[in-house]
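Asker: when you get a sec, could you give me coordinates for this:
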Amino acid sequence: MSKGRLRETLRHWANNEDQHARDLQEEYAAASVTPIADAADRALVRLRGTLRTVTLRPRGGVPALEAELFDGTGVVTIVWLGRRRIAGISPGRSLQVQGRIGRHQGERILYNPRYELIP
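Answerer: Down below sits the predicted model:
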């Protein structure tokens with residue numbers, strides 16, 4: 001592949017990712033929902049987004065289901081302690097969560113939030 005063609009392919013891919021982020025921002029914009037990028041640490045927040053990944057990762061010997069929530073403005077890790085799986089929680093699923101946002105090892109995180117599956 002020539003340099004010009006490679007650049008064009010990369011530019012097209014990057015523009016699609018940017019457009020996807022803008023589409024998510026518009027879809028999840030609501031008066032009662034905070035964009036992830038604007039959510040203050042240690043604040044009670046209501047966030048809405050799409051799950052990018054869902055993994056089982058034990059924390060301190062306790063099973064923990066972790067999911068990465070993306071809304072077009074940012075990413076937050078959702079952790080349900082003591083859970084190996086939750087019906088309906090899978091990559092690509094839209095979700096609204098409510099809880100106290102914090103940081104753990106520099107990563108934005110919500111532990112055991114209330115959640116609502118969005119069709």
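
Asker: any idea how far stretch 95-106 is from the chain center?
Answerer: Put simply, stretch 95-106 sits 10 Å off its chain's centre (CA atoms, centre = their mean, to the nearest Å).

Asker: okay, buried residues for it please.
Answerer: 95-99, 101 (16 or more other CB atoms under 10 Å). The C-beta positions use only the backbone N, C-alpha and C, and glycine is treated the same way.

Asker: which other residues reach that stretch?
Answerer: The contact list for stretch 95-106, computed with CB atoms under 8 Å, 6 or more residues apart in numbering, reads 33, 39-51, 67, 69, 76, 78, 89, 108-118.

Asker: let me see the mean pLDDT of that stretch.
Answerer: Across stretch 95-106, the average pLDDT comes to 93.

Asker: what of stretch 67-82?
Answerer: 94.

Asker: that older thread, with respect to residue 62, which of the buried residues of stretch 95-106 is nearest?
Answerer: residue 99 (18.0 Å; CB to CB).

Asker: assumed that closest one was part of a strand.
Answerer: Yes - judged by DSSP: H, G, I helix; E, B strand; the rest coil, residue 99 forms part of a strand.

Asker: so what's it bridging to?
Answerer: Residues in a beta bridge with residue 99, per DSSP bridges, are residue 45.

Asker: look up how far residue 76 lies from it.
Answerer: 10 Å (CB to CB, to the nearest Å).

Asker: which parts of this structure are helices?
Answerer: Taking DSSP state H, the helices of the chain run over residues 3-28.

Asker: partner residues bridging the residue nearest the centre of it?
Answerer: By CA atoms, centre = their mean, the chain has its centre lying nearest to residue 69, at 1.1 Å. Beta-bridge pairing of residue 69 under DSSP bridges involves residue 51, residue 76.

Asker: now the buried residues of stretch 95-106 as TSV including distance to residue 60?
Answerer: Shown next, in TSV, are the buried residues of stretch 95-106 (distance: CB to CB, whole Å):
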residue	distance to residue 60
95	25
96	28
97	22
98	24
99	19
101	21
